[in-house]
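In: Give me a model of this one.
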Amino acid sequence: MAARLPPITSGILTATSLLFIMGIVRVPLRVRHLALLTGGFLTAVAVVSGCSTSSAPAPAPSGTIAPGFNEALGSVVNPSEEIGGQLRVAVPGSCGGWKPELTISSACANLQRSMARQLTTYVSAPGRAGSVVTADLATDLGQSNAEGTAWTYTLKPYLKWNDGSPLTTVDVARGLRNLDLRRGDFAITSIEFGANRTLTVNLDRPFHDFDAVAALTVAAPVALGGVVKFSGPFAAETANPSHLVRNDLWDPESDSVRKPLVTDVRITWTTTPTQANELLLTGAVDLALTSRTNPGFTEAVLRDPSRAAHSDNPGTGQVTMLAFPPSTGALATDTCRQAVYSGVNRTALRQVLGASAGEPNIGAAQATTLSAPTIASFDSNYQPFSLGDGSGDVTAAKASLESCGHAQGFSMTLGFPDSATGLAAFATIKESLARVGITVVGKAIDAVDYSATVQSVKAVAELGLDAVYLNYSATVPGVAGYWRPLAGSIAPGKPYRENIAQLDIPTVNALLSSKEIASSDPVVQADVGRIIDRLVLDTGSYIPLAFMQTLEYRPAGLSNVTTSGAFDNQYDVVNIGFAAEKADQ
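Out: Residues are numbered from 1 along each chain as shown. Alright, predicted model coming up:
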């Protein structure tokens, strides 16, 4: 199958942003920006690798199992304003006693959205559009100086904690300090308090995506003394933290995102995701926030047409890929790396990662592009180089090898986690690349220390790694949050630890520093992110292999159900309700 080259979405950008892209950024021949004067606006049309343009984002995957399957990926299922009912939710693990600064998992962040507000939050929108931020406690998104080193916010008036005490800028500052402790890409040097509920956050370096990190749960306001209080529509009972009840002092007029319908939420904690899914199948709970699936759950849902019609198979935000650190050997040539792209058997690798054979892509889907399914720049149709039917294109890979001067192939050392899955993935990659003459030597690395090891330039060099097997997921939702660690730098000449390929592409750096990448318009975010995706893919420094998928089940009685890219495409809990008959119970 020939490589497919579908379009980047066209977006309306300001004249200033267009001049930025066309002037400051030196765009290579493969990325041309055409300015069209239309209705008084300048439309930036990014033409990448010979692509044309379209006027809308790529559609969400359609149902392939039963009518209704995958419906929540691109729409709100069963929209309703019916009030009432208790929502029962199963969650693996725990949520740190509802302290925002202890929130780690997507499930806990999802639930905290019902109880904790931040300066900004994620919009309530289906799928990857849900990773875009909007104002929450603040009257608007942050106003930054030209350098992006100072961010000013104004709190909405009359905000209160659930105990009736006022929520102040000082409380907000305490939360932002918790955020500061968790970041390595910037530091908060000071927080200044102004008149009329304003505060200014000063950073040690430019950071144009501060609105997105301010939306993280860890940045939620903290009351004096660290006492757990709640600012959202729900509050945990003191005597029973697993029971969330309505917060009567939450002001719905000040909250444009949360539109809760249920009376209360009852949480059941489980040891494993499998246990949570079992409770869902038996009807003991209404939702299971797992971001994981298992063969038994998959079979129980997909073999029952009534369940399959109320299920979804979203990507979780984790992308499996190969990363190539700087090299002096064959892999220093981008066309040699392209041979790896075409040669890998993604179909076999999917099954190693837990996918079922055939369609749909439960567990894992083959990846041809780097953007995760949870961010606006995701484009499932983009494929820069041929990979055949998914099992690899041996002819294309050999042609790339000949082009890079290694027609007989070469040898490479691949680092991978010393685990059952890591070993199986290595074996699959080794076998598939052997078909084209590339010899893969494995270097198993302790799974516990794997991330720290491969993110160390020194350790990678000492181990003699030419390539690294990587499961990458971003800690900050959105296009900038995804791409900055993977392909950017904290400072000139200082790549992020996650930037294992140590990329330093001027055009990418400029786009990562642009205001457009943090735009509140998902279409603009998508355009900028897709340009970055194509520029990085063209280097072959990262080669996408698989998107991790999950199977989610939403019982028929639920209303207002949609996935959210902000929470690994779990169902967005805060606005879920019930059909009339259950809401009355």
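In: ok, how many other residues are close to the residue lying closest to Q112 once chain neighbours are set aside?
Out: Distances taken as C-beta to C-beta, 6 or more residues apart in numbering place T217 nearest to Q112, at 4.7 Å, with adjacent residues excluded. For glycine as for every other residue, the C-beta is placed from the backbone atoms N, C-alpha and C. T217 has 25 neighbouring residues, counting by other C-beta atoms under 10 Å.
In: Next: N70.
Out: If we define neighbours as other C-beta under 10 Å, then N70 has 20 of them.
In: Is it in contact with A309, as I believe?
Out: No. Under the criterion of C-beta atoms under 8 Å, N70 is not in contact with A309, lying 10.3 Å apart.
In: returning to that earlier point: tell me the pLDDT at the residue nearest to Q112?
Out: Predicted confidence (pLDDT) for T217: 95.
In: OK, contacts around it?
Out: P100, T103, C108, A109, Q112, R113, A116, Q118 (C-beta atoms under 8 Å, 6 or more residues apart in numbering).
In: my guess is the third one contacts G96, does it?
Out: Spelled out, it's C108. Yes. Using C-beta under 8 Å, C108 makes contact with G96 at a distance of 7.1 Å.
In: Compare those two (neighbour count), which wins?
Out: Between C108 and G96, C108 has the larger neighbour count (other C-beta under 10 Å), namely 21 against 15.
In: distance of the more buried one from A239?
Out: 21 Å (C-beta to C-beta, to the nearest Å).
In: again, but for M412
Out: In terms of C-beta to C-beta, M412 sits 59 Å off from A239.
In: Comparing these two, which residue is more hemmed in?
Out: M412 (24 against 6).
In: Bridged to that one, which residues?
Out: V440 (DSSP bridges).
In: quick one: pLDDT of it?
Out: Reported pLDDT for M412: 97.
In: got it, and R26?
Out: Note for R26: predicted pLDDT of 37.
In: now do D521
Out: For D521, the predicted pLDDT is 84.
In: Distance of it relative to S541?
Out: 29 Å.
In: Those two: which has the busier surroundings?
Out: A side-by-side neighbour count of D521 and S541, using other C-beta under 10 Å, places S541 first with 23 against 14.
In: from what I can see the more buried one touches M321, true?
Out: No. Counting by C-beta under 8 Å, S541 sits too far from M321 to count as a contact (10.1 Å).
In: which residues does the closest residue to G415 other than its chain neighbours contact?
Out: Closest residue in space to G415, ignoring its immediate chain neighbours: L465 at 4.4 Å, by C-beta to C-beta, 6+ apart. By C-beta under 8 Å, 6+ apart, L465 lies in contact with P325, T413, L414, G415, K443, V454.
In: Over to L155?
Out: L137, A138, T139, L167, T168, T169, V172, R197, T198, L199.
In: any chance you could map the helices in the stretch 251-400 of the chain?
Out: For the stretch 251-400 of the chain, applying DSSP state H, counting those that start in this stretch gives helices covering 273-282, 295-302, 305-308, 334-343, 346-352, 394-403.
In: Need the winner for burial among these.
Out: Stretch with highest mean neighbour count among those: helix 334-343 (a mean of 24; mean count of other C-beta atoms under 10 Å).
In: by contact count, what packs against that one?
Out: On a contact count with 3 or more C-beta pairs under 8 Å, 6 or more residues apart in numbering; DSSP states H and E, helix 334-343 meets helix 394-403, helix 420-434, helix 522-539, strand 542-549.
In: orientation of that helix relative to strand 542-549 in degrees?
Out: 30 degrees (axes from the mean of the first three to the mean of the last three C-alpha atoms, to 10 degrees).
In: Show residues contacting helix 334-343.
Out: 322, 324, 330-331, 384-388, 392-394, 396-398, 400-401, 403-404, 406, 410, 432-433, 435-436, 438, 467, 538-541, 543.
In: And the buried ones among those, selectable in ChimeraX?
Out: To isolate in ChimeraX the members of those that are buried, counting by 16 or more other C-beta atoms under 10 Å, one can use:
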select :322,324,330,331,384,385,386,387,388,392,393,396,397,398,400,401,404,406,410,432,433,436,438,467,538,539,540,541,543
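In: can you tell me the distance between the two ends of stretch 565-576?
Out: 16 Å (C-alpha to C-alpha, to the nearest Å).
In: what about it, distance to the chain center?
Out: 12 Å (C-alpha atoms, centre = their mean, to the nearest Å).
In: From the chain's centroid, how far away is stretch 447-459?
Out: Taking mean C-alpha positions (C-alpha atoms, centre = their mean), stretch 447-459 and its chain are 22 Å apart.
In: Any regions of this protein where pLDDT drops low?
Out: 1-65, 356-360, 580-585 (pLDDT under 70).
In: residue contacts, the residue sitting furthest away from the middle of it?
Out: Distance from the C-alpha centroid of the chain peaks at Q408, with 39.0 Å (C-alpha atoms, centre = their mean). Residues near Q408 by C-beta under 8 Å, 6+ apart: L401, G437.
In: ok, now A487?
Out: N499, A501, L503, I505, V508, L512, I532, V536, Y542.
In: in which helix or strand would I find the fifth one?
Out: Counting by DSSP states H and E, the element that carries V508 is helix 506-512.
In: again with the first one
Out: Element membership of N499, judged by DSSP H and E, is empty: it is in no helix or strand.
In: how deep is it tucked in, by neighbour count?
Out: N499: 22 neighbours (other C-beta under 10 Å).
In: Surely it is in contact with I490?
Out: No. Using C-beta under 8 Å, N499 makes no contact with I490, being 9.3 Å away.
In: Domain map for this structure?
Out: For the chain, automatic domain parsing gives the domain ranges 71-300+556-583, 315-549.
In: Would you pull up how far stretch 424-438 lies from the middle of the chain?
Out: 29 Å.
In: what sits against S473?
Out: T316, G317, Q318, V319, A372, D568.
In: re earlier: can you list the helices and strands packed on helix 334-343 in CSV and add distance to T290?
Out: Output for these, formatted as CSV (distance: least, C-beta to C-beta, whole Å):
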stretch, distance to T290
helix 394-403, 37
helix 420-434, 18
helix 522-539, 26
strand 542-549, 13
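In: follow-up on the earlier one: turn the buried ones among the contacts of T217 into a named ChimeraX selection, would you?
Out: Applying 16+ other C-beta under 10 Å to the contacts of T217 leaves a buried subset, and the ChimeraX line that selects it is:
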select :100,103,108,109,112,113,116,118
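In: Now flag whichever of the contacts of T217 is closest to V262.
Out: R113 (13.9 Å; C-beta to C-beta).
In: Which residues lie in contact with that closest one in this structure?
Out: Contact analysis of R113 by C-beta under 8 Å, 6+ apart lists T121, Y122, T217, G232, R258, F567, D572, V573, V574.
In: What is the burial count for A491?
Out: Neighbours of A491 (other C-beta under 10 Å): 10.
In: Disregarding residues adjacent in the polypeptide, which is nearest to it?
Out: R205 (6.6 Å).
In: Need the contacts of L155 in TSV (columns: secondary structure and distance to N277).
Out: What follows is those, written out as TSV (DSSP: H, G, I helix; E, B strand; the rest coil; distance: C-beta to C-beta, whole Å):
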residue	secondary structure	distance to N277
L137	coil	35
A138	strand	38
T139	coil	41
L167	coil	37
T168	coil	42
T169	helix	43
V172	helix	38
R197	coil	45
T198	strand	46
L199	strand	43
